[in-house]
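**Student:** any chance you could fold what I've pasted below:
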Amino acid sequence: MTKKELAIALHDRKFNCCQAVACAYAQEIGVDVATLFKAGEGFGLGMGCMDGTCGALSGAIMLAGFYNSDGNIDAPATKADTYKISKEMLNLFKEKCHSTICRELKGIDTGEVLCSCPDCIMNAVEVVEEVLKF
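**Tutor:** Alright, predicted model coming up:
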């Protein structure tokens, strides 16, 4: 099963978009699915209100932190690099989906859907694969 297929299967099991993307990479980042599921819960539905960042992109960005952070809580040295990775991921996602905001992606105000949830999830997985090289 590909990561796209896994993420869609998780979404079909009622994982939100963030959870679906992040949990698809649990093994690669060494974090259990339940922890990622809990961490990603508030990011679904555009941070719970459709006005925020797409959950699928949030899940991808969450993976960037697990991938790149040195985890040094006393003297973190990786934040700047992680921010660069996050920016690259955001820009690639926006290029693929034409927005990063849930409400815009779903066409709530315009009636024009820019990208469905399954497509956002698959695009976020593509971004993870392109940038993080999993």
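**Student:** ignoring the adjacent residues along the chain, who's closest to Lys79?
**Tutor:** Counting by C-beta to C-beta, 6 or more residues apart in numbering, Lys79 lies nearest to Ser69, which is 7.9 Å off, once chain neighbours are set aside. In this view, the C-beta of every residue, glycine as well, is placed from N, C-alpha and C.
**Student:** next one: phi and psi at that neighbour?
**Tutor:** Backbone torsions of Ser69, given as degrees, to the nearest 10, read phi -60, psi 140.
**Student:** what's the answer for Thr53, then?
**Tutor:** Per degrees, to the nearest 10, the backbone of Thr53 is at phi -60, psi 140.
**Student:** try Thr2
**Tutor:** Backbone geometry at Thr2, expressed as degrees, to the nearest 10, gives phi -80, psi 170.
**Student:** from here on, call the first residue 81.
**Tutor:** OK, 81 is where the count begins now, so the last one is Thr82.
**Student:** can you report how many residues neighbour it?
**Tutor:** When neighbours are defined as other C-beta atoms under 10 Å, Thr82 has 11 of them.
**Student:** pull the number of nearby residues for Ala114.
**Tutor:** The local packing of Ala114 (other C-beta under 10 Å) involves 10 other residues.
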